[in-house]
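Undergrad: next input, structure requested:
(one chain, ligands or ions: 1)
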Amino acid sequence: MIEGLMIENPYIIENENFCVFATQSLKEMANASFDELNLNKKRILDFFQLKKFRKVSIIQFDNRENFRKFVLSLRGPGAHLPEYAQGVFDKGMSISFIDLKIIKDENVFIEKAKINVHEFIHIVNREKIYKERVVWLDEGLATNLDGKRELLKEKDKFIEFLNNKILSIKVLPEINDLSHKGQGFKQEFYDGYDLVYLSVRYLLETKNKNKLFKILKDNNLAIKVGKTVLKDAINYYKDKLSI
Ligand SMILES: [Zn+2]
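TA: Okay, the predicted model is just below:
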């Protein structure tokens, strides 16, 4: 059992890889999340060149306040959690808030079931790969590997994404400055997740595994790459797709 967990009589589903604790109201979501995790675990470990990984706990709240309270209690006094946060990884656990109202929509349900896959990527990256977290790189990797943006593999959709979400931004931010503190990733004129997705997609497409792992493991190198990677990615795709 998890200390201080604000879920009475939780629904639990587990095997040797994952244990999901959820409110009874989220039983279906817990099952779907559990399936997603088990389905994607090997693919993610293969990417990180790992054979195995410890068992991971997943916690799902149907109440935003309890989610925030629990996460902030884990983080300790003076801790910060951005307003937009719905999934986090703290103390090696994936913790999320799931709004029962919005998951009535089947597409939203499927997307939310992948939140834990995203957090699992962060957990593995933190425990096995980097020493110091470089946020743009960690988020970029998770958004590329979590399966939520599969549609962007289609050329037309990707061009639409580039035009609407990237090329329309008047002043691009420094991606090394993107963080989850203050206003964080979601700004008025851009969504940081779009920028880091594109940057890391470019790295995955153009760097061999050796070079990529050098960047993933070395935070100084990652920060250096971060100075130009977004512009490099934009130029690369503009050229490649003739836009
Ligand atoms: Zn993330």
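Undergrad: the domain parsing of the protein - what is it?
TA: Following automatic domain parsing, one gets these domains for the chain: 11-129, 135-240.
Undergrad: adding distance to the ion, mean neighbour count and mean pLDDT, write those out as a markdown table.
TA: Placement of C-beta: from N, CA and C, glycine included. Converted to a markdown table, these look like this (distance: least, Cβ to the ion, whole Å; neighbours: other Cβ atoms under 10 Å; pLDDT from 0 to 100):
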| stretch | distance to the ion | mean neighbour count | mean pLDDT |
| --- | --- | --- | --- |
| domain 11-129 | 5 | 17 | 95 |
| domain 135-240 | 5 | 17 | 94 |
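Undergrad: dump those to JSON lines, plus distance to L5.
TA: Shown next, in JSON lines, are the domains of the chain (distance: least, Cβ to Cβ, whole Å):
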{"stretch": "domain 11-129", "distance to L5": "7"}
{"stretch": "domain 135-240", "distance to L5": "23"}
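Undergrad: mind checking those domains for the one nearest to I2?
TA: domain 11-129 (6.5 Å; Cβ to Cβ).
Undergrad: which helices and strands does the strand or helix carrying K42 pack with?
TA: Here K42 sits within helix 27-47, counting by DSSP states H and E. Contacts defined by 3 or more Cβ pairs under 8 Å, 6 or more residues apart in numbering; DSSP states H and E place helix 27-47 against strand 11-14, strand 18-22, strand 56-61, helix 106-113, helix 115-124, helix 135-145.
Undergrad: rewinding a little: out of the domains of the chain, nearest to G4?
TA: Nearest to G4 among the domains of the chain is domain 11-129; the distance by Cβ to Cβ comes to 5.8 Å.
Undergrad: show me how far the closest one is from its chain's centre.
TA: Averaging C-alpha positions (Cα atoms, centre = their mean, to the nearest Å) puts domain 11-129 10 Å from its chain's average.
Undergrad: show the contacting residues for I123.
TA: Under the criterion of Cβ atoms under 8 Å, 6 or more residues apart in numbering, the contact list for I123 reads 56, 89, 92, 94.
Undergrad: mind running it again at 10 Å?
TA: Each residue near I123 by Cβ atoms under 10 Å, 6 or more residues apart in numbering is listed here: 44, 53-54, 56, 89-90, 92-94, 116, 142.
Undergrad: so which elements touch whichever strand or helix holds L221?
TA: Assessed by DSSP H and E, L221 sits inside helix 219-226. Here helix 219-226 touches helix 135-145, helix 192-206, helix 209-217, going by 3 or more Cβ pairs under 10 Å, 6 or more residues apart in numbering; DSSP states H and E.
Undergrad: need the contact partners of the last one.
TA: Spelled out, it's helix 209-217. For helix 209-217, using Cβ under 10 Å, 6+ apart, the contacting residues are 47-49, 125, 128-131, 134, 137-138, 141, 200, 203-204, 206-207, 221-226, 229.
Undergrad: chain center to it, what's the gap?
TA: 19 Å.
Undergrad: could you figure out how far it is turned away from helix 219-226?
TA: 110 degrees (axes from the mean of the first three to the mean of the last three Cα atoms, to 10 degrees).
Undergrad: and what of the longest one?
TA: Relative orientation of helix 192-206 and helix 219-226, computed by the same axes, to 10 degrees: 100 degrees.
Undergrad: measure the residue lying closest to C19 once chain neighbours are set aside to S242 for me?
TA: Distances taken as Cβ to Cβ, 6 or more residues apart in numbering place S57 nearest to C19, at 5.2 Å, with adjacent residues excluded. Distance of S57 to S242, given as Cβ to Cβ, to the nearest Å: 47 Å.
Undergrad: repeat that for L167.
TA: Distance, L167 to S242, using Cβ to Cβ: 13 Å.
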